[in-house]
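Chemist: got a predicted model here, sequence first, then my questions.
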Amino acid sequence: MKKLKLNITRVLVAMLVLTSFVACDEVGDTDPGGTSVESMAGDWFITLTDSDGKVVVANALHETYNTAANDNTMWIDDVKHGYWIKCKVTVDVKAGTFTATSADNLLDGSKVTITNGKIEKGAATSKGGHKVDKISFRAHFDYDPAGYDILYEGHKRTGFYEDEY
């Protein structure tokens with residue numbers, strides 16, 4: 001009986017050792033890489049102003065992130081915090097610009113045209129005084145009268161407590 005227990009223990013230890021060697025085998029490249037628009041992606045505090053200069057929404061949290069296609073397009077999404085916009089835009093990463101022409105606005109079913117879209121590195125100051133990226137663009141929704149646009153301007157979210165709104 002003692003020999004049986006000893007043999008079972010030896011077999012279990014051998015299996016444990018062999019399993020640990022196999023489990024630690026690194027295979028291939030473990031670097032996942034990045035996306036085509038990763039330098040433009042992030043969270044943004046944006047103030048929306050109408051064509052008459054009146055503030056519509058102040059410091060609404062928006063998100064920009066890559067599309068599944070990873071083809072120099074990205075999503076602009078306010079997660080219903082601002083003027084209800086979620087649309088796909090075409091990006092020129094090197095120039096830091098983006099546009100959309102009659103893009104589907106997934107939050108309300110309208111069409112939106114985005115012009116003058118720009119992200120400028122280090123061109124804004126956060127609430128706490130940190131240098132951050134600036135975002136700005138003009139949006140025209142198809143249900144608004146001709147010429148009535150919403151102007152978006154804001155800065156990148158830092159994640160620091162003193163910069164939160």
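Modeler: Alright, I've got the coordinates. Here the structure is a predicted model, which is why all the values come from computation and not from measurement.

Chemist: next, count neighbours for Phe137.
Modeler: Other residues near Phe137 number 23, with proximity taken as other Cβ atoms under 10 Å. Placement of C-beta: from N, CA and C, glycine included.

Chemist: kindly report the same for Phe45.
Modeler: Neighbours around Phe45, by other Cβ under 10 Å: 23.

Chemist: quick one: residues contacting it.
Modeler: Applying Cβ atoms under 8 Å, 6 or more residues apart in numbering to Phe45 gives the contacts Asn59, Ala60, Leu61, His62, Lys127, Gly154, His155, Arg157, Tyr165.

Chemist: could you pull out the helices for this structure?
Modeler: Taking DSSP state H as the test, the helices found in the chain are 2-23.

Chemist: so which residue is dead centre in it?
Modeler: Nearest residue to the geometric centre of the chain (Cα atoms, centre = their mean): Tyr65, 3.0 Å.

Chemist: need the contact list for it.
Modeler: Contacts of Tyr65 by Cβ under 8 Å, 6+ apart are Val37, Ala41, Met74, Trp75, Asp77.

Chemist: now Thr90: how far from Thr158?
Modeler: Remark: distance between Thr90 and Thr158 (Cβ to Cβ, to the nearest Å) = 27 Å.

Chemist: so Lys121 touches Ile135, yeah?
Modeler: No. Lys121 is beyond contact range of Ile135, at 10.9 Å (criterion: Cβ atoms under 8 Å).

Chemist: by neighbours, which of the contacts of Tyr65 wins?
Modeler: Result: Met74 is most packed of the contacts of Tyr65 (other Cβ under 10 Å), 24 neighbours.

Chemist: check contacts around it.
Modeler: Val37, Met40, Ala41, Thr64, Tyr65, Asn66, Thr67, Lys88, Val89, Val91, Phe98.

Chemist: closest one to Leu48 out of the residues you listed, please.
Modeler: Thr64 (15.4 Å; Cβ to Cβ).

Chemist: if we can go back for a sec, and which of the contacts of Phe45 is nearest Val112?
Modeler: Closest approach between those and Val112, by Cβ to Cβ: His62, at 13.5 Å.
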